[in-house]
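> Sharing a sequence plus its predicted fold:
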Amino acid sequence: MTDSELLRAYLASHDANCASCKYQLRGVDGHVCPECGDRIELEIKSYGPRLAPWLFALLFTAAFGGFHWLMLISFSVSALFYYVGSFSWLDDSFMYLIGSLPFTITLPLLLFRRRAFLRRPRRRQWVWATLLVGAYVVFESLWMWMMFGLAW
Ligand SMILES: [Zn+2]
């Protein structure tokens with residue numbers, strides 16, 4: 001059965017509205033909506049893709065990871081212009097940047113490996129998202145403590 005035959009057979013026996021103009025297409029013969037002229041076709045859709053774990057991980061990663069990217073860029077630029085010659089390997093901000101390197105990778109990973117993430121079992125998605133967010137919270141807390149804790 002060709003796509004045209006499938007579409008004709010489906011519309012012969014089912015109520016379906018045009019996605020663009022909501023025209024009732026039952027009995028329509030062809031690939032075009034008679035009302036608005038939009039192309040119509042049969043398709044398989046999954047409703048409500050369950051993105052909660054991915055969005056949870058992305059939200060925190062975009063916030064923290066984005067901050068790390070900004071720090072990395074601004075530190076690199078200022079190091080180029082101001083700190084050459086007086087560079088300290090034990091400098092707090094430098095240690096922070098070294099520690100935050102793994103976190104700068106998670107944002108592009110989440111964005112470009114989205115499909116692979118969503119293909120994992122839902123339970124494992126939550127485990128990974130929780131581990132990621134947990135790692136961020138622990139890292140940021142440790143850094144805050146290192147920077148400000150001793151002064152309080
Ligand atoms: Zn239409």
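Sure thing, it's come through. In this text, all values refer to a predicted model and were calculated from it rather than measured experimentally.
> And the spatially most central residue of the chain, how far from residue 1?
If you average the C-alpha coordinates of the chain and look for the closest C-alpha using CA atoms, centre = their mean, you land on residue 111, 4.5 Å from that point. From residue 111 across to residue 1, the span is 39 Å (CB to CB, to the nearest Å). Yep, even glycine has a C-beta here, placed from its N, CA and C like the rest.
> Please report the distance of residue 101 from the ion.
According to CB to the ion, to the nearest Å, residue 101 stands 52 Å off from the ion.
> Please identify which helix or strand holds that residue.
Following DSSP states H and E, one finds residue 101 within helix 92-112.
> before we move on, the earlier item: not counting residues beside it along the chain, what's closest to the residue nearest to the centre of the chain?
residue 58 (7.7 Å; CB to CB, 6 or more residues apart in numbering).
> For the helix or strand that contains that neighbour, list the C-alpha coordinates in PDB.
Per DSSP H and E, residue 58 falls inside helix 52-60. Coordinates of the C-alpha atoms in helix 52-60 are reproduced here as PDB (Å, rounded to 0.1, in the frame of the first residue of the first chain):
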ATOM      1  CA  ALA A  52      11.500  15.900  33.100                       C
ATOM      2  CA  PRO A  53      14.900  14.400  34.000                       C
ATOM      3  CA  TRP A  54      16.700  15.900  31.000                       C
ATOM      4  CA  LEU A  55      15.100  19.300  31.700                       C
ATOM      5  CA  PHE A  56      16.100  19.100  35.400                       C
ATOM      6  CA  ALA A  57      19.700  18.300  34.400                       C
ATOM      7  CA  LEU A  58      19.700  21.000  31.700                       C
ATOM      8  CA  LEU A  59      18.400  23.700  34.000                       C
ATOM      9  CA  PHE A  60      21.100  23.300  36.500                       C
END
